[in-house]
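> Return atomic coordinates for the entry below.
(one chain, ligands or ions: 1)
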Amino acid sequence: MRSKKKSTMRAEPNRIWHERLRYFEAKLPDLVQTTREFVEIESPSDDKLSADRMGTLLAARFQAIGGTARVHRAEVYGDNIQITFPGRDKRKPVLLLGHFDTVYPLGTLAKMPCRVADGRMYGPGVLDMKSGVALMYYAIQAQQAWHGSLPRPVTVFLVSDEEVGSYSSRAITERLARESGAVLVLEPAAGLRGAVKTARKGVGEYTINVKGIAAHAGLDPSKGHSAILELSRQIVTLTKLNDLRRGLSMNPGVIRGGTRTNVIAAEAHADVDVRIKSAKQAAMMDRKFHALKAFDKHCSVSVEGGINRLPMERNAGVVALYKTAQAIAREIDWKLEEAAVGGGSDGNFTAGIGIPTLDGLGGVGEGAHAVHEHIVISELPRRATLLAGMIENA
Ligand SMILES: [Zn+2]
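From the prediction side, this is the model:
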């Protein structure tokens, strides 16, 4: 398979790739316009009506270029949208994975309108990741224009709840990935040099609940067993597991407990974010959390939660995809870099079940989830060239 892919690439002279780049340079106004259209439909994860409006439009757009849409109904969050395209050869489909939900509440557009300035397009979700969804659309359309039809089957899966943990979409993402030869994730590139993401940390979320024994802090201090004190000891112990050099960290970001200063606290809770670099670390952290025991035997400790996203590890499948991407980029005189990042995406799920995954193929820009979120417009043509090439060669 690998050698066949290589020869396909070699058979196509450098000139063809430059022509493809020029095709997308000519398409740039359309790419920008489509991205703007997507940004101007607000689609916060927690507003089903708005998210569904976006999903319906996307299904129609991809259907208009020959896809068959399937709507996976979801109760709480927006419906998830799957679009399948037939292809000429018998290879497994390539899965183009993305999300259309954003972290911006309804009404953000009024304060943060979609605008172009200094070669950049600003707006809620423009980088993370509505430009990525637009790239999918134009890469598929281009392959059809160049070859009359897609060289291989393509599945597009657009998720409605990625920013809130992908609880409604995860099982579908994993099923579609299992049916696919490779997964290309259109999340933003890493940094302004446009690196693709070949490793992502995994993410865990835990809540530690401590029950103690309340007592009057003045009259009966010896009768109380403080849940707050117990929780503090637990946190200090857990913090010792931090190993930043190995990419392992935990943060007790939220803490609650107690009722008044003169009462020894009967209850305390901490919400903890955990980041891990390998599946092994994930298992180790999960074991440590669920094995927590009270220091004070009059207190009890219970733990909820677990690892939400396993890390996307830079394994052989990931490296092979990166090499293919690099070879395509080289054809248009672009030295494509790779990066390992701390945040998780749905690519963690697909890589976690062993399907070759390359992430960060989407827009290039800065400020994801922030008021200055933007993409660099001039980067779009080569991103589209790369994606179209990956659909064919991944
Ligand atoms: Zn994203």
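> CA only for contacts and neighbour counts going forward, please
Fine.
> Quick check: mean pLDDT of stretch 245-255?
What stretch 245-255 shows for mean pLDDT is 94.
> Flag every buried residue along it.
Leu248, Ser249, Met250, Asn251, Pro252 (16 or more other CA atoms under 10 Å).
> quick one, phi/psi of the last one?
Just to be clear, that refers to Pro252. Backbone geometry at Pro252, expressed as degrees, to the nearest 10, gives phi -80, psi 90.
> Skipping its backbone neighbours, what lies nearest it in space?
Spatial nearest neighbour of Pro252, chain neighbours left out: Val272 (4.1 Å); criterion: CA to CA, 6 or more residues apart in numbering.
> Hmm, Leu109 and Arg115 touching each other?
No: between Arg115 and Leu109 there is no contact under CA atoms under 8 Å: 10.4 Å.
> For those two, list the residues in contact with both.
Gly123 (CA atoms under 8 Å, 6 or more residues apart in numbering).
> In three-state terms, label the residue nearest to Pro252 for me.
strand (DSSP: H, G, I helix; E, B strand; the rest coil).
> Residues in a beta bridge with it, which ones?
When assigned by DSSP bridges, Val272 has beta-bridge partners Tyr206, Pro252.
> in the longest helix along the chain, what's buried?
If you go by DSSP state H, the chain has its longest helix at helix 14-39. Of all the residues in helix 14-39, those buried under the rule 16+ other CA under 10 Å are 17-18, 20-21, 23-25, 28, 31-32, 34-36, 38-39.
> quick one: contacts for Ile41?
Ser50, Arg53, Met54.
> got any ranges where the stretch 1-150 of the chain has weak pLDDT?
Scanning the stretch 1-150 of the chain for pLDDT under 70 picks out 1-12.
> Which pLDDT value goes with Tyr167?
Note on Tyr167: pLDDT of 91.
> and Arg115 and Leu109? which has more neighbours close in?
The neighbour count for Arg115 versus Leu109, taken as other CA atoms under 10 Å, is higher for Leu109 (16 against 11).
> check which helix or strand covers that one.
For Leu109, the host element (DSSP states H and E) is helix 108-111.
> re the thing from before, packing partners of the longest helix of the chain?
Contact analysis of helix 14-39 by 3 or more CA pairs under 8 Å, 6 or more residues apart in numbering; DSSP states H and E lists helix 131-147, helix 316-331, helix 380-393 as its packing neighbours.
> okay, the ones you listed in JSON lines with distance to Thr68 and mean neighbour count next?
As requested, the helices and strands packed on helix 14-39 are arranged in JSON lines below (distance: least, CA to CA, whole Å; neighbours: other CA atoms under 10 Å):
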{"stretch": "helix 131-147", "distance to Thr68": "13", "mean neighbour count": "21"}
{"stretch": "helix 316-331", "distance to Thr68": "27", "mean neighbour count": "19"}
{"stretch": "helix 380-393", "distance to Thr68": "18", "mean neighbour count": "23"}
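> which stretch among the ones you listed comes nearest Arg175?
helix 316-331 (18.0 Å; CA to CA).
> which parts of the helix or strand just after that closest one are buried?
Toward the C-terminus, helix 316-331 is succeeded by strand 338-341 as the next helix or strand (DSSP H and E). Using 16+ other CA under 10 Å as the test for burial, strand 338-341 gives Glu338, Ala339, Ala340.
> Mean confidence (pLDDT) on strand 338-341, please.
Mean pLDDT, strand 338-341: 96.
> And for stretch 300-316?
Computed over stretch 300-316, the average pLDDT equals 94.
> gap between the two ends of that stretch?
Distance across stretch 300-316, first residue to last, is 44 Å (CA to CA, to the nearest Å).
> and stretch 70-86, how far apart are its ends?
With CA to CA as the measure, stretch 70-86 spans 14 Å from end to end.
> er, stretch 145-163 I mean
34 Å.
> do the same with stretch 148-166
Start-to-end span of stretch 148-166 (CA to CA) is 35 Å.
> What are the buried residues along that stretch?
Residues of stretch 148-166 classed as buried by neighbour count (16+ other CA under 10 Å): 149-163, 166.
> Show me which pair in those is furthest apart.
Ser149 and Glu163 (33.5 Å).
> about what we covered before: would you list the buried residues of strand 338-341 in TSV and tack on distance to Gly354?
Compiled in TSV, those are given as follows (distance: CA to CA, whole Å):
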residue	distance to Gly354
Glu338	19
Ala339	19
Ala340	18
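> Which member of those residues is positioned nearest Leu321?
Distance to Leu321 across the buried residues of strand 338-341 (CA to CA) is lowest for Glu338, with 11.3 Å.
> and that closest one, what does it touch?
Applying CA under 8 Å, 6+ apart to Glu338 gives the contacts Ala195, Val196, Lys197, Thr198, Tyr322.
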